[in-house]
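Chemist: got a predicted structure here, sequence first:
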Amino acid sequence: MVHGFEADAKLFASLAEIDAAAAARVKAGGCPHCGGKLDRADYPRKPGGDLGEARDAYAKRASFCCREEGCRRRATPPSLRFLGRKVYVSVLVVVASVVGRSIHLVGRGRRREVEGVPVRTVRRWLDWWSITFALSVFWKEAKGLLSPAVDEASLPGSLLARLGAPSAATLTRLLRLIAPVTTISVEARIAMPV
Ligand SMILES: [Zn+2]
């Protein structure tokens with residue numbers, strides 16, 4: 001549970017439902033390359049962080065494999081639960097990054113953890129937002145749709161603040177917006193929140 005962001009079991013469960021719906025859409029659409037039928041080929045996950053009752057819904061990342069001989073390609077739906085291969089669930093990556101950006105992670109009396117995540121991990125995430133995310137094709141396109149511009153040096157907090165007050169709904173909006181960065185095998189369109 002993360003204080004101040006309504007990041008509770010209810011949010012975790014609701015993100016799992018959104019992911020399940022996205023997975024159903026990808027399966028129904030068939031293989032993006034050849035149109036073949038898709039078989040379930042989920043990735044097992046052991047997410048870090050306290051997920052409460054939603055833990056079971058986070059034990060797998062949905063993925064599919066094309067049934068056609070000679071194609072057999074992967075189709076992994078976009079996810080609001082998992083950001084790439086990070087061990088921690090996306091909610092925690094976002095929240096600890098926002099909190100981590102706002103406090104000093106080095107120097108005397110420094111903290112060892114941010115929202116239960118080791119500081120060195122949070123530092124890595126902050127680099128990920130500043131470099132990998134900020135330079136991604138997704139963000140280059142998405143930021144053009146945001147006016148005035150979002151301060152890239154303060155990601156993800158600057159983007160979260162643009163989408164609303166810190167709440168479960170705002171976190172969901174942010175995760176929905178950045179979901180295209182969570183997959184390269186399925187074309188996920190930018191869903192610009194209103
Ligand atoms: Zn195929």
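Modeler: Ah, there it is. Predicted model, so just to flag it, every value in this text is computed and none were measured.
Chemist: which residues of the chain fall in helices?
Modeler: Counting by DSSP state H, residue ranges of the helices within the chain are 9-29, 90-102, 119-127, 137-143, 157-163, 168-178.
Chemist: what parts of the chain come near the ion?
Modeler: Within the chain, the residues that sit near the ion (C-beta under 5 Å from the ion) are 31, 33-34, 36, 66, 68, 71. In this view, the C-beta of every residue, glycine as well, is placed from N, C-alpha and C.
Chemist: so which residue is dead centre in this protein?
Modeler: Geometric centre of the chain, nearest residue: residue 83, 3.6 Å, by C-alpha atoms, centre = their mean.
Chemist: show the buried residues in the residues of the chain next to the ion.
Modeler: Among the residues of the chain next to the ion, those classed as buried by 16 or more other C-beta atoms under 10 Å are 31, 36, 66, 68.
Chemist: can you tell me, leaving aside adjacent residues, what's nearest to the third one?
Modeler: Which is residue 66. residue 31 (4.0 Å; C-beta to C-beta, 6 or more residues apart in numbering).
Chemist: ramachandran coordinates for that neighbour?
Modeler: phi -60, psi 130 (degrees, to the nearest 10).
Chemist: from residue 22, how far off is it?
Modeler: 16 Å (C-beta to C-beta, to the nearest Å).
Chemist: rewinding a little: would you turn the buried ones among the residues of the chain next to the ion into JSON lines with distance to residue 136 and pLDDT?
Modeler: Below are these laid out as JSON lines (distance: C-beta to C-beta, whole Å; pLDDT from 0 to 100):
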{"residue": "31", "distance to residue 136": "25", "pLDDT": "96"}
{"residue": "36", "distance to residue 136": "29", "pLDDT": "97"}
{"residue": "66", "distance to residue 136": "26", "pLDDT": "97"}
{"residue": "68", "distance to residue 136": "30", "pLDDT": "97"}
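Chemist: neighbours around the nearest residue to residue 101 once chain neighbours are set aside, how many?
Modeler: Nearest non-adjacent residue to residue 101, counting by C-beta to C-beta, 6+ apart: residue 157, 5.5 Å away. Residue 157: 20 surrounding residues under other C-beta atoms under 10 Å.
Chemist: show me what contacts residue 157?
Modeler: Residues near residue 157 by C-beta atoms under 8 Å, 6 or more residues apart in numbering: 97-98, 101-102.
Chemist: out of these, which is most surrounded?
Modeler: residue 98 (26 neighbours).
Chemist: show me the shaky parts of this structure.
Modeler: Along the chain, segments meeting pLDDT under 70 span 1-3, 105-109, 188-194.
Chemist: one more pass at 50, please.
Modeler: 1, 194 (pLDDT under 50).
Chemist: how far does stretch 44-63 sit from the chain's center?
Modeler: 13 Å (C-alpha atoms, centre = their mean, to the nearest Å).
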